[in-house]
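Asker: Fold the following and give me the result.
(chains A and B)
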There are 2 protein chains.
Amino acid sequence: MSQKLNTPKGTRDFSSLELKKREYLLNVLKDCFKSFNFQEIQTPSFENLTTLTGKYGDDEDNLMFKILSSGDKIKKADIDAFKNNKLSKFSNSLSDKALRYDLTVPLSRFISQNLNDLSFPFKRFQTQLVWRAERPQRGRYREFLQCDVDIIGESNILQELECIKVYDSVFNRLGFPKVDLRINNRQILEGVSKLMKLETVTEIASVLDKTDKIGIDGVMKELKGRNLSDDSINLLKSLLDIKGTNQEKIENLRNIFDSNNIFLNGVDLLDEIIYTSQKFNLNNINIKVDLSLARGLSYYTGTIIEVSSPKEYEIGSIGGGGRYDDLVQKNNPKLSGFGISFGFDRIFMILDELRLFPSELNSSKSFLFLNFGLELDSILSYLDKLREKNITCELYPSNVKIKKQLDYANQKGIDYVVIIGDEEVKSNIFKLKNMKSGSQSSIDISNFLSEIERIS
Amino acid sequence: MSQKLNTPKGTRDFSSLELKKREYLLNVLKDCFKSFNFQEIQTPSFENLTTLTGKYGDDEDNLMFKILSSGDKIKKADIDAFKNNKLSKFSNSLSDKALRYDLTVPLSRFISQNLNDLSFPFKRFQTQLVWRAERPQRGRYREFLQCDVDIIGESNILQELECIKVYDSVFNRLGFPKVDLRINNRQILEGVSKLMKLETVTEIASVLDKTDKIGIDGVMKELKGRNLSDDSINLLKSLLDIKGTNQEKIENLRNIFDSNNIFLNGVDLLDEIIYTSQKFNLNNINIKVDLSLARGLSYYTGTIIEVSSPKEYEIGSIGGGGRYDDLVQKNNPKLSGFGISFGFDRIFMILDELRLFPSELNSSKSFLFLNFGLELDSILSYLDKLREKNITCELYPSNVKIKKQLDYANQKGIDYVVIIGDEEVKSNIFKLKNMKSGSQSSIDISNFLSEIERIS
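Answerer: A predicted model of the protein is given here:
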């Protein structure tokens, strides 16, 4: 009995056609990153758990794909933890590695490991897979490609603006409609959290990030179920209620809230970015101050941004990033970093839906030599010569009925069929059949190479 | 206290320079595969364990990186198995997925899942990472890139020869010295195993594969420790003792051994491949019949081949492959496949050692605009225009001492520094400093774009 085999949940195979499209998109991204002189690095698919855990937040840590210890290491299984239903502890006793959850934490490990060989500010790009054990849904996979650029070792706002400009250039090159880039600063939220008597903004970050979907009332409702005073909740409401242009929002922030240093610093930075962005000739990006934007990952400490999908095809956020001051180890002070990420798979879906892929992803022609079971010598030497010129060609792999060989050519999208049978060998001509038009021509064999090169 | 962070054992980071070399090698491989009209596919990094296990052999199954079940699934842990020291069973109760061990078994799953959408013979190439929990050593990593081509659904020897030709073309394009390609047929070994009263050749495959290292005497010594009759051991010795040219070896095979069908079939296939290979104009490959070649993986059923590294830099095998008749599910008959693999990382080491990488992997020039803290408007628009033409350029990310900015340019290998300060703005010229030669020129600002384009 043949058993039905499948890809694991939330993962995908890619066909040749899909890969050509993916290659196009990846090249647009990489060319753009290179034009800004970001340098590429790659890191291993898995990292030691000590590198990864405690950086993202508890919920995120639980979404990592951990790698089961092998050999004798598995003897360290904490059976007591299992019996006491401490599954997380049990799980940690069985693993010391996990698949990459993002590209930022591996970057911070890379820098700390290569500190003496790098020059700062270090501008790197990285396009590699990441894995998250989330529930799969439209546009969300368990294995997906992330494309990141980061600047490490420089804390002024030119870095934020350069990365926003990278977004703008990529979307421009792809022919995207204009998209909104929402921006906020974690220090503003930290300042407000302090006024609310919270330890840190991460206590309310996940609720805040839902504002888009459930509205301010929804957020208020969720918060009322928690151990928060009415004063605190109203304070947050007055933050979310701030309306107006970017500049009006920033002014209102200064007017409404009692100042504390971290809050004021955040407002100043946001103000400076909004002001300076006007010099940056952004064509594809609307910058929108969004005071409800919090972003889940706990490593962010300053500016945070998120790019929405175009209104023409809404599929949630297609990129995001932020500043992190405490992620990259170096003895006092730590190296401040700012970085952004492109959601490759969602951008791919948008290109597909809005028909923005170039119509000709591969314009070179392919040739199939029919197999008549004759002596191979001359045909093989023709194949050699074409392949040396990177012309795509093949001999049908066995001597079967011509009908079957032509079916193969059609199914595979072959452009031309080359016919060199007994008759052709005798008369020193070969036949070339155009599979798209059906037309057939006879050509002197001495012109073989020049003729094929001409049409390929 | 800052903790020292590292890549996990047997894995590597790649710097920008290494990635440029890897990209060169990968492009040579892919261009060659495409010229033979193999179609690219990609599969997920992990597969269900039901897909992977039982195909490679028990030892290999134990070298897979399994993924720890997450959430409530971990409650299925088989604690009894743990207590009874059945670690493998315990381990299997904790996991239902594993990282790819090779690209062939995922291919067989891909085909079985997409049977109705594919046309056969199906020629695919795939260049993706694989993971093996082996002890790391020189040229052997736990995460490494495999580059495979396979032809599925056709069993005649043209497929073997086409793949051998792919090896030849790749090595030719890379400028490699000539390499040995050792060839054998599992059916010959199965036939001999039958004469030896063994169940299957896999019982002695791993010993046979050591012949290269420990010699025939070494093999005999290892076998004597096992439960084999002297007759059986002598029979195997007479196989390994066969010497001579390829044709002489094949003749001796026919003469020495009592015939059984599977054995004779294997000899005939080997004979036919050796004979036909002469038509294939192989420049970089010496085909050598090696009757001790067994290859570990248990899915091989016919021709098996292995490519040795060049004598100029010996690092073990740099590729291998074989025919598998029972791997790709389809209701009677199964689809026969033949495929080969390139050991990317070892080939990389050889290119590096023999200085075969092109000297100029990236010939385009890079430009750094010094940051004088002036109004950004005009500089930003210059950057925009250059980047639109994919010219690599950047503004130094902050207004620090010029010495520091020039150090950055030197460390990063910047080709030209662009100087537009107060003075330059006033006089409508800009200065261009060649960082390699140290020379500096003053150019009228109206010629900015044309001048940069000229030298980039």
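Asker: what's the burial count for A:Ser238?
Answerer: Residues near A:Ser238, counting by other C-beta atoms under 10 Å in any protein chain shown, number 12. Backbone N, C-alpha and C define where each C-beta goes, glycine included.
Asker: do the same with A:Leu68
Answerer: With neighbours defined by other C-beta under 10 Å, the count for A:Leu68 comes to 22.
Asker: before we move on, what about A:Gly421?
Answerer: Neighbour count for A:Gly421, taken as other C-beta under 10 Å: 15.
Asker: Give me the phi and psi for the residue of the stretch 51-200 of chain A at minimum distance from chain B.
Answerer: Closest to chain B within the stretch 51-200 of chain A is A:Ser119: 3.7 Å, counting by C-beta to the nearest C-beta. Main-chain torsions, A:Ser119, degrees, to the nearest 10: phi -110, psi 140.
Asker: Give the helix, strand or coil label for the nearest residue to it once chain neighbours are set aside.
Answerer: Spatial nearest neighbour of A:Ser119, chain neighbours left out: B:Gln411 (3.7 Å); criterion: C-beta to C-beta, 6 or more residues apart in numbering or on different chains. Under the three-state scheme (DSSP: H, G, I helix; E, B strand; the rest coil), B:Gln411 adopts helix.
Asker: swap in A:Lys4?
Answerer: Strictly by three-state DSSP, A:Lys4 counts as coil.
Asker: ok, so what distance separates it from chain B?
Answerer: According to C-beta to the nearest C-beta, to the nearest Å, A:Lys4 stands 8 Å off from chain B.
Asker: show me the contacts for that residue.
Answerer: B:Ser112, B:Gln113 (C-beta atoms under 8 Å, 6 or more residues apart in numbering or on different chains).
Asker: ditto for A:Arg186
Answerer: By C-beta under 8 Å, 6+ apart, A:Arg186 lies in contact with A:Val201, A:Gly266, A:Ala294, A:Arg295, A:Tyr300, A:Thr301, A:Gly302, A:Thr303, A:Ile304, A:Gly322, A:Arg323.
Asker: Now flag whichever of the residues you listed is closest to A:Asn260.
Answerer: Nearest to A:Asn260 out of the contacts of A:Arg186 is A:Gly266 (C-beta to C-beta; 10.1 Å).
Asker: Find me the pLDDT at the residue nearest to A:Leu103 when sequence neighbours are not counted, would you?
Answerer: Once flanking residues are discounted, A:Leu103 sits nearest to A:Asp148: 4.4 Å by C-beta to C-beta, 6+ apart. A:Asp148 is assigned 98 on the pLDDT scale.
Asker: quick one: secondary structure of A:Asp148?
Answerer: Under three-state DSSP, the three-state class of A:Asp148 is strand.
Asker: Any idea what it is bridged to?
Answerer: On the basis of DSSP bridges, A:Asp148 is bridged to A:Gln126, A:Ser341.
Asker: Can you give me the neighbour number for it?
Answerer: Using other C-beta under 10 Å, A:Asp148 has 24 neighbouring residues.
Asker: how close does it sit to B:Ala409?
Answerer: Going from A:Asp148 to B:Ala409 by C-beta to C-beta, to the nearest Å gives 24 Å.
Asker: Quick one, grab the pLDDT at the residue of the stretch 51-200 of chain A closest to chain B.
Answerer: On pLDDT, A:Ser119 comes in at 89.
Asker: residues contacting the most centrally placed residue in chain A?
Answerer: Nearest to the geometric centre of chain A sits A:Gln146, at 2.6 Å (C-alpha atoms, centre = their mean). Neighbour list for A:Gln146: A:Asp102, A:Leu103, A:Gln126, A:Thr127, A:Gln128, A:Leu129, A:Val130, A:Ser341, A:Phe342, A:Gly343, A:Phe344 [criterion: C-beta under 8 Å, 6+ apart].
Asker: If you rank those residues by neighbours, which is first?
Answerer: Neighbour count (other C-beta under 10 Å) singles out A:Phe342 as the most crowded of the contacts of A:Gln146, with 27 neighbours.
Asker: Could you verify my assumption that that one touches A:Val170?
Answerer: Yes. Using C-beta atoms under 8 Å, A:Phe342 makes contact with A:Val170 at a distance of 6.9 Å.
Asker: Identify the contacts common to the two.
Answerer: Residues touching both A:Phe342 and A:Val170 (C-beta under 8 Å, 6+ apart) are A:Leu29.
Asker: what about the strands in the stretch 251-400 of chain A?
Answerer: With DSSP state E, counting those that start in this stretch as the criterion, the stretch 251-400 of chain A has strands at A:285-289, A:303-308, A:317-328, A:335-343, A:366-369, A:392-395.
Asker: starting at the chain centroid, how far to the helix or strand hosting A:Leu17?
Answerer: For A:Leu17, the element it lies in under DSSP states H and E is helix A:16-35. Remark: helix A:16-35 is offset 11 Å from the chain centroid, using C-alpha atoms, centre = their mean, to the nearest Å.
Asker: What mean pLDDT does that helix get?
Answerer: For helix A:16-35, the per-residue pLDDT averages 96.
Asker: What residues of that helix count as buried?
Answerer: Using 16 or more other C-beta atoms under 10 Å in any protein chain shown as the test for burial, helix A:16-35 gives A:16, A:18-19, A:21-22, A:24-26, A:28-30, A:32-35.
Asker: right, and the helix or strand after that helix?
Answerer: The first helix or strand that comes after helix A:16-35 along the chain, using DSSP H and E, is strand A:39-40.
Asker: ok, now which ones touch A:Leu361?
Answerer: For A:Leu361, the contacting residues are A:Lys20, A:Lys21, A:Glu23, A:Tyr24, by C-beta under 8 Å, 6+ apart.
Asker: For it, grab phi and psi.
Answerer: phi -80, psi -20.
Asker: Please report how far it lies from A:Glu423.
Answerer: When distance is defined by C-beta to C-beta, A:Leu361 is 38 Å away from A:Glu423.
Asker: Show me what from the stretch 351-456 of chain A comes close to chain B.
Answerer: Taking C-beta under 8 Å from any C-beta of the partner chain as the contact definition, the stretch 351-456 of chain A meets chain B at A:366, A:368, A:375-377, A:380-381, A:384, A:386-387, A:390-395, A:397-398, A:407-408, A:411-412, A:414.
Asker: same question, the stretch 101-250 of chain A
Answerer: For the stretch 101-250 of chain A, the residues in contact with chain B (C-beta under 8 Å from any C-beta) are A:109-110, A:112-114, A:119, A:121, A:123-124, A:129, A:131, A:133, A:143, A:151, A:154, A:156, A:158-159, A:162, A:169.
Asker: Was I right to think the residue of the stretch 51-200 of chain A closest to chain B contacts B:Lys412?
Answerer: Yes. Under the criterion of C-beta under 8 Å, A:Ser119 is in contact with B:Lys412, at a separation of 6.3 Å.
Asker: Correct me if wrong: A:Glu272 contacts A:Ile157.
Answerer: Yes. Counting by C-beta under 8 Å, A:Glu272 touches A:Ile157, with 5.4 Å between them.
Asker: Neighbour count: the two, which is higher?
Answerer: A:Ile157 (19 against 14).
Asker: who are the neighbours in contact with that one?
Answerer: By C-beta under 8 Å, 6+ apart, the contact set of A:Ile157 is A:Leu269, A:Glu272, A:Ile273, A:Thr276, A:Thr303.
Asker: Those in helices, which ones?
Answerer: A:Leu269, A:Glu272, A:Ile273, A:Thr276 (DSSP state H).
Asker: are any of those buried, and which?
Answerer: Among those, those classed as buried by 16+ other C-beta under 10 Å are A:Leu269, A:Ile273.
Asker: Near chain B, list only the ones from the ones in helices among the contacts of A:Ile157.
Answerer: Restricting the ones in helices among the contacts of A:Ile157 to those within reach of chain B (C-beta under 8 Å from any C-beta) leaves A:Thr276.
Asker: Format the ones in helices among the contacts of A:Ile157 as a markdown table; extra columns: distance to B:Leu335.
Answerer: As requested, these are exported to a markdown table (distance: C-beta to C-beta, whole Å):
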| residue | distance to B:Leu335 |
| --- | --- |
| A:Leu269 | 61 |
| A:Glu272 | 64 |
| A:Ile273 | 59 |
| A:Thr276 | 61 |
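Asker: All set now, cheers.
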